[in-house]
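> need coordinates for the below:
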Amino acid sequence: MKQKRPSIKDIAKALNVSITTISFVLNGKGEERKISKEVIKKIEDYAEEINYRPNQIAQSLRTGKSKILVFMVEDIGNPFFAKIARIIEEIAYQKGYKVLFCSTENNDKRSRELITLFHERQVDGFIVIPSPGIQKDIENLIKSDVPVVLGDRYFKGSPMNHVVIDNYGASKKGTQHLIDNGFKNIAFISIDTKQMQMLDRARGYRDAVDEAGLSNQVLELSFDDIRKQKGKDSVKNLLTQKENIDAVFFSTNYLTQTALEIIKDIDPKLIYNLGILTFDDNDFFKINTPSISAVAQPLQEMGEELMRIMFKLLKKTKDKETPLMQTVLEATLTPRDSSKRNT
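Next up is the predicted model:
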């Protein structure tokens, strides 16, 4: 027979203490409520002895809060998203919240299914790296008074809280860095998408090469083809059929990692002769030979800002409007060996 789960009532009966007192102590408010240290210790020791765990569902129904947040990303295995997730998790834990992580693969159908699932489970808020076609779904969450903060990307013209970087400025600066180092025929490899962060990165690249009087060469790959043979063949064709290309700027770290394998397969010496710059830094780029120059996003600052906005939204009252919070952070260019011009 399944053993009955201990309740606050059971503790109160066993210790001859009021349910209210038990509740204050177990919620960490004993000292605040002037309950004696002896009583606090007696309650805590007994709760530990009987392995008491609060009923989260009942608590959620009573307070209207699940103390759970959702962090939806493109790929939680990507170091960029994983590091932000770790920052968010730590801040949430300090505030008494837990975080559920999930990957959408940048797929709208999968995103919608996850939004529906977690909304029905009454999570307290969503931090979302949105796939391209879920603007309406996010708007519906907000209309339902669910706190939502977008990260990394946003929907143009839509009044949503978000934390992004100046993708245009960072991309233009990175391209200019390659130009200043003597590269004349710079290709830009990106994702075929209408998402604002990628459009801004491509625009920054184009403006930099146009202003320098150079020609632009852009290769856009579908998200589904990046790691497939079709995508690899497209990168290989660009690098082998256009002999004048002397540098490549990659719009994401996973494009760079895939392309480095292709470059080494074409010719092991090519990686030393080709200028390489990537968006989004990670430890692999630091230890690669040659080390890879990168546009590094401020992950700690981004994670902290996402959570600052989220907790502002969680604290808002229905009769008080919270002002729109849209933060734009600056990225940092980290030059390494790969963007040095070999002479």
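> list the contacts for residue 259?
Shown in contact with residue 259 (C-beta atoms under 8 Å, 6 or more residues apart in numbering): 189, 235, 248, 250. All C-beta spots, glycine's among them, are computed from the backbone N, C-alpha and C.
> hmm, I typed the wrong one, I wanted residue 138.
Residue 138 is in contact with 115, 128, 130, 148, 150, 155, 160, counting by C-beta under 8 Å, 6+ apart.
> could you list the low-pLDDT ranges of the stretch 201-343 of the chain?
For the stretch 201-343 of the chain, applying pLDDT under 70 flags the ranges 242-243, 317-320, 343.
> and the contacts of residue 138 as CSV, adding pLDDT, secondary structure and distance to residue 328?
As requested, the contacts of residue 138 are arranged in CSV below (pLDDT from 0 to 100; DSSP: H, G, I helix; E, B strand; the rest coil; distance: C-beta to C-beta, whole Å):
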residue, pLDDT, secondary structure, distance to residue 328
115, 97, helix, 25
128, 98, strand, 18
130, 97, coil, 17
148, 98, strand, 18
150, 98, strand, 12
155, 96, coil, 15
160, 97, coil, 14
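> could you pull out the strands for this structure?
With strands called from DSSP state E, the chain shows them at 68-73, 98-103, 125-128, 148-151, 162-165, 186-191, 217-221, 247-250, 275-279, 293-296, 326-329, 332-334.
> now the last one: buried residues?
Neighbour-count burial for strand 332-334, with 16 or more other C-beta atoms under 10 Å as criterion, is recorded at residue 334.
> check the second one too.
Along strand 98-103, these residues count as buried under the neighbour rule (16+ other C-beta under 10 Å): 99, 101, 103.
> number of residues surrounding the nearest residue to residue 217 once chain neighbours are set aside?
Counting by C-beta to C-beta, 6 or more residues apart in numbering, residue 217 lies nearest to residue 187, which is 4.4 Å off, once chain neighbours are set aside. A count of nearby residues for residue 187, using other C-beta atoms under 10 Å, gives 23.
> adjust the sequence numbering to begin at 254 for everything that follows.
Yes, from this point I'll number from 254; that puts the last item at residue 440.
> thought residue 499 was touching residue 440, still the case?
No: in terms of C-beta atoms under 8 Å, residue 440 does not count as a neighbour of residue 499; the distance is 9.1 Å.
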